[in-house]
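Engineer: Next one to model:
(chains A, B, C and D)
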Protein chains: 2
Amino acid sequence: MSTKRILIVEDDVDILRLLSRELEDAGFEVLAFDSGMRGLSAVRESSPDLVILDLGLPDISGQEIARRLRHTGNIPIIILTAADEVGTKVEMLNAGADDYLAKPFHVEELLARVNVQLRKRTLGVTQKIGDLTIDPARRQVFWSAEEVRFSPREYELLHYLAGQPGRVYSRKEIEHNVWGEELPPSSNVVDVHIANIRSKLRDAGGFGVIRTVRGVGYALKS
Amino acid sequence: MSTKRILIVEDDVDILRLLSRELEDAGFEVLAFDSGMRGLSAVRESSPDLVILDLGLPDISGQEIARRLRHTGNIPIIILTAADEVGTKVEMLNAGADDYLAKPFHVEELLARVNVQLRKRTLGVTQKIGDLTIDPARRQVFWSAEEVRFSPREYELLHYLAGQPGRVYSRKEIEHNVWGEELPPSSNVVDVHIANIRSKLRDAGGFGVIRTVRGVGYALKS
DNA sequence: GCGGGCGGTTAAGGTTCCCTGAAGCCGCTT
DNA sequence: AAGCGGCTTCAGGGAACCTTAACCGCCCGC
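Structural biologist: Modelled structure (predicted):
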């Protein structure tokens, strides 16, 4: 995945610098502006993946910016503001903002909310465990770029094990959560499906992905 | 557009009732639950458009619910909580929540944030997915310059799938969002319409545009 | 009103794919 | 070496899906 670009508009230069550094540390490319007008035109030129916007800019109102940004496509906007006032919040959210944080806020929370917005656009919460990638929105599994095709049950089972990589899931748990019922004690259906999953992963180059815990169940290598 | 359905899980019955009424007044269809487990299974059955979830439920942890909900597709989740603690916020947002409100909150803000989540990602903008072009303003579809004519339902269905190309839409979701009602379980209308769309696209040179996901639904190749 | 065309739905039959149970083998463990 | 648990293979049955065709209702022009 290419590095995401974030554009910040914030007239308080100290905060601007702080946020820039934090976002860069988090692996984003940052475009920082302390003026509303220049930030706005920069959005057009560079079309970033996300915009963080401080309200109460001297040269242009937040309303106006949000309105204009709406027109430039679907870029998510997170609003920052000094005034924690409900009316403003509702107004801005309805005007097209995607999220809203009142100062003072924690940088970690901003980062988390940034990730939420970017996640939406990239469709789904793809989960990566080593070379294994699971994309629930597309219902697809990859072993390092190569797609591995699974049957419904196989996918469900693998996805279930990926819930907590490393943790051992007992047969009972698996039966209950993947099959939704207790299977006859003599059945070895789970084994068969595990074997099939292993086989398909092996074909794609994945070895030892699922660990057997004798007498208990299975676990995904974390 | 059909009315959006919102599922609430909240153990405080007073708040539950209050929110339900507010949301219904705002024109939503509300499914209310005061137990985590029952709410969770209801999500699977009714596949609502959005879930509002109170943390600190007695019978199941919020983490667990968020984790499981992620598995059921891309339904947006808004978390409510009594404890306004940054760690929890960040944790939940990273766990798959789309928004987070600390109690006490203003109902207007919740409504605004609900609307943000439900806001159409694909506005009236013509979108291109590979060789496929959809122009909502004219209600026309093209396969690389050549127009393909679709009946109203066919168009609605294709347009809906194009909402998030690549993402798998379940039969339930399709029924609810394209037909606006639950179809009799034996019906295969969706299949037939998919077949017709495929046939028309094939005539225009488009192959493998719609992917079948066995046991779940369909997705547009992105 | 009447007939034709169009689109939506239903139903039946065919096809594909997957689940699963059985049977035998392998390899630990005691 | 015996026994248990896990692994592998494979074929039968069935579910899910696809296709085709007919039916029905609606709208339109005549």
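Engineer: can you name the farthest residue from the center of chain A?
Structural biologist: Within chain A, residue A:186 marks the point farthest from the mean C-alpha position, 41.2 Å out by C-alpha atoms, centre = their mean.
Engineer: Now do the buried residues in the helix or strand encompassing residue A:203.
Structural biologist: For residue A:203, the enclosing helix or strand under DSSP states H and E is helix A:189-204. By neighbour count with 16 or more other C-beta atoms under 10 Å in any protein chain shown, helix A:189-204 contains the buried residues A:190, A:193, A:194, A:197, A:198, A:200, A:201, A:204. (C-beta placed from N, C-alpha, C; glycine too.)
Engineer: Following element in sequence after it, please.
Structural biologist: Following helix A:189-204 in sequence, per DSSP H and E, is strand A:210-213.
Engineer: Can you get me the centre-to-centre distance for that next one and its chain?
Structural biologist: Counting by C-alpha atoms, centre = their mean, to the nearest Å, strand A:210-213 is centred 28 Å from the centre of its parent chain.
Engineer: what about the next helix or strand after that strand, distance to the chain center?
Structural biologist: As assigned by DSSP H and E, the chain's next helix or strand after strand A:210-213 is strand A:217-220. Computed by C-alpha atoms, centre = their mean, the chain-centroid distance of strand A:217-220 equals 26 Å.
Engineer: Give the helix, strand or coil label for the residue lying closest to residue A:112 once chain neighbours are set aside.
Structural biologist: Once flanking residues are discounted, residue A:112 sits nearest to residue B:93: 4.0 Å by C-beta to C-beta, 6 or more residues apart in numbering or on different chains. Under the three-state scheme (DSSP: H, G, I helix; E, B strand; the rest coil), residue B:93 adopts helix.
Engineer: any idea how far residue A:86 is from residue A:108?
Structural biologist: 24 Å (C-beta to C-beta, to the nearest Å).
Engineer: Which one's more surrounded, the two?
Structural biologist: Neighbours per residue, other C-beta atoms under 10 Å in any protein chain shown: of residue A:108 and residue A:86, the larger number sits with residue A:108, 16 against 13.
Engineer: what about that one, which helix or strand?
Structural biologist: Here residue A:108 is assigned to helix A:107-121, by DSSP H and E.
Engineer: same question, residue A:79
Structural biologist: Going by DSSP H and E, residue A:79 is in strand A:77-81.
Engineer: Read off the pLDDT value for residue A:73.
Structural biologist: What the model reports as pLDDT for residue A:73 is 63.
Engineer: Likewise for the one 10 residues further on?
Structural biologist: Per-residue pLDDT puts residue A:83 at 72.
Engineer: go on, residue A:220?
Structural biologist: pLDDT, residue A:220: 96.
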